[in-house]
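[1] build me a model from this:
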Amino acid sequence: MFTVAEFVKFMKEIAPLDMAASWDNVGLLLGDYQAPVKKVMTCLTLSPDVADEAIEEEADTIVTHHPIFFKPARSLTTGNPESAMLLKLVRAGIAVYSAHTAYDNTVGGINERLAVDLSLGDIEPLREAVSGKTMGEGRMGVLPKRIPLGDFVGTVKKITRTSCVQTCGDLDRMVDKIAIACGAGGEFLRDAMRAHAHVFVTGELRFHDCMAAKAAGLSLCLPGHFASERLGLEYLAAQIGRELPGVSAWAAKRECDPISMI
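    Model prediction:
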């Protein structure tokens, strides 16, 4: 039987924590290292309804992409939804692990998965690794052949399972050099420009970043924060179930994009 400590070791092998951004809060954030691990639920963001699913389905471990603590908690009470949610998880004995930017950046992680799904070749980090780290951030790659931007956007919509994608650029422009930084990737915009990418794929960008991309002649494809990252957590659940004997895993079924396009 796997313990939380052994599961933590497994996750560190998938996404070494030294790949995480310096500002991030990754690793085991809640739980007993000696507790058993039999059922694991993955999710993009741990919200009260997702926590309820884990409790009802008797999960003993949750892997959430976005950390539950970005800032130090001054108190844990039932006075606010996040604290109440965490207290329920504590009472249920559920551990919570976050890999976040370590999983973004790792080999086979969120950015690389999307690059592979888009059939990119010559995949490499968009931003080179800093000293002491084994892998850079984001991904860069080339399509098998140049296609119109509009066709590429259609492919992104299909892969990310979204009906609405924000774009910037001439839809008839022929493109093949693609930069990727899933989630909120504004900090990688200049990297995409320096790499002379034709298209920058990220979940969301600020208005002025979009203006800067347009001025630089860099096309954008923005499927949304949720859509750009959710599929990676589904892949992770499948990997956990495949590689850990006796452990079942699934991606949260109640999780959905908080933003609706109508």
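[2] okay, buried residues for the helix or strand containing Ala192 please.
    Using DSSP states H and E, Ala192 maps to helix 189-194. Neighbour counts over helix 189-194 (16 or more other Cβ atoms under 10 Å) mark Leu189, Asp191, Ala192, Met193 as buried. The way it works is simple: take the backbone N, C-alpha and C, and place the C-beta from them, glycine included.
[3] in three-state terms, label the residue lying closest to the first one once chain neighbours are set aside for me.
    It refers to Leu189. Of all residues not flanking Leu189 in the chain, Asp209 sits nearest, at 5.4 Å (Cβ to Cβ, 6 or more residues apart in numbering). Put simply, Asp209 is helix when judged by DSSP: H, G, I helix; E, B strand; the rest coil.
[4] mind listing the strands for the stretch 151-262 of the chain?
    Under the criterion DSSP state E, counting those that start in this stretch, the stretch 151-262 of the chain contains strands at 166-168, 174-184, 199-204, 219-222, 248-251.
[5] which elements pack onto the last one?
    The criterion is 3 or more Cβ pairs under 8 Å, 6 or more residues apart in numbering; DSSP states H and E, and the helices and strands that strand 248-251 contacts are strand 39-43, helix 225-243.
[6] how much does the helix or strand following the shortest one deviate in direction from strand 39-43?
    Towards the C-terminus, the helix or strand next in line after strand 39-43, according to DSSP H and E, is helix 48-56. What separates the directions of helix 48-56 and strand 39-43 is an angle of 170 degrees, with axes from the mean of the first three to the mean of the last three Cα atoms, to 10 degrees.
[7] okay, helix 48-56 in PDB with CA atoms only?
    These are the backbone C-alpha positions of helix 48-56, laid out as PDB (Å, rounded to 0.1, in the frame of the first residue of the first chain):
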ATOM      1  CA  PRO A  48     -15.800  23.800  -2.200                       C
ATOM      2  CA  ASP A  49     -17.800  21.800  -4.800                       C
ATOM      3  CA  VAL A  50     -14.600  19.900  -5.900                       C
ATOM      4  CA  ALA A  51     -13.700  19.200  -2.300                       C
ATOM      5  CA  ASP A  52     -17.200  17.900  -1.700                       C
ATOM      6  CA  GLU A  53     -16.700  15.500  -4.600                       C
ATOM      7  CA  ALA A  54     -13.400  14.200  -3.200                       C
ATOM      8  CA  ILE A  55     -15.100  13.600   0.200                       C
ATOM      9  CA  GLU A  56     -18.200  11.900  -1.300                       C
END
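[8] what's near enough to touch Ser83?
    Ser83 sits next to Ala73, Ser75, Leu76, Thr77 when contact means Cβ atoms under 8 Å, 6 or more residues apart in numbering.
[9] quick check, the third one in a strand?
    Just to be clear, that refers to Leu76. No: counting by three-state DSSP, Leu76 is not part of a strand but coil.
[10] ok, now how distant is it from Glu53?
    Distance from Leu76 to Glu53, counting by Cβ to Cβ, to the nearest Å: 21 Å.
[11] which one of these two has more residues nearby?
    Neighbour count, other Cβ atoms under 10 Å: between Leu76 and Glu53, Glu53 has more, with 19 against 13.
[12] what is the burial count for Tyr162?
    For the record, residue 162 is Thr, not Tyr. Thr162: 17 neighbours (other Cβ under 10 Å).
[13] before we move on, back to that, who are the packing partners of the helix holding Ala192?
    By 3+ Cβ pairs under 8 Å, 6+ apart, helix 189-194 packs against strand 174-184, helix 207-216.
[14] now with 6 Å, please.
    Here helix 189-194 touches no other helix or strand, going by 3 or more Cβ pairs under 6 Å, 6 or more residues apart in numbering; DSSP states H and E.
[15] run through who's touching that helix.
    Helix 189-194 is contacted from outside by Leu126, Arg127, Ala179, Phe200, Asp209, Ala216, Leu218, using Cβ atoms under 6 Å, 6 or more residues apart in numbering.
[16] any idea how far the host helix or strand of Met11 is from the chain center?
    If you go by DSSP H and E, Met11 is part of helix 4-14. Helix 4-14 sits 18 Å away from the centroid of its parent chain (Cα atoms, centre = their mean, to the nearest Å).
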